[in-house]
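Trainee: Below: sequence and its predicted model.
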Amino acid sequence: MDNIFSDSFMNNILEIINRTVEQHEKVIEQKVKNEFQYMDAKTAAKYLGMKDSTFNKFVKRTNVEQILIDGMAPRYSKKTIDKIMEKNMY
């Protein structure tokens, strides 16, 4: 069956969709950066743009303080992580 739309039209639609998805991802990423004061490891890794395994190494190397609450996974302070990142900038 032939496509009823031209290749040019379809390419334009795909381009618009791709741009929209990219913009949405940026909005979500910014929301994550601004929204969470205390984060679990997965969210903290995403906040820093790291893989989970890299974040775990980061925690061990920098001795990031963990917030431990009975029965919950450790939480990490956004403010503390930001301070460590700023301290290690060069």
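Mentor: Everything's here; your move.
Trainee: contacts and neighbour counts: CA atoms only from here.
Mentor: Noted.
Trainee: In three-state terms, label Phe5 for me.
Mentor: Recorded secondary structure, Phe5: coil (DSSP: H, G, I helix; E, B strand; the rest coil).
Trainee: Would you mind stating the distance between it and Ile13?
Mentor: Note on Phe5: its distance to Ile13, by C-alpha to C-alpha, to the nearest Å, is 11 Å.
Trainee: Same check on Gln23?
Mentor: 15 Å.
Trainee: all strands for the chain, in order.
Mentor: With strands called from DSSP state E, the chain shows them at 38-39, 76-77.
Trainee: Could you export those strands as JSON lines, including mean neighbour count, distance to Lys60 and mean pLDDT?
Mentor: Output for the strands of the chain, formatted as JSON lines (neighbours: other C-alpha atoms under 10 Å; distance: least, C-alpha to C-alpha, whole Å; pLDDT from 0 to 100):
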{"stretch": "strand 38-39", "mean neighbour count": "19", "distance to Lys60": "17", "mean pLDDT": "90"}
{"stretch": "strand 76-77", "mean neighbour count": "20", "distance to Lys60": "13", "mean pLDDT": "93"}
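Trainee: what's the closest of those to Thr62?
Mentor: strand 76-77 (12.5 Å; C-alpha to C-alpha).
Trainee: The closest one pairs with which strands, and in what direction?
Mentor: strand 38-39 (antiparallel) (DSSP bridges).
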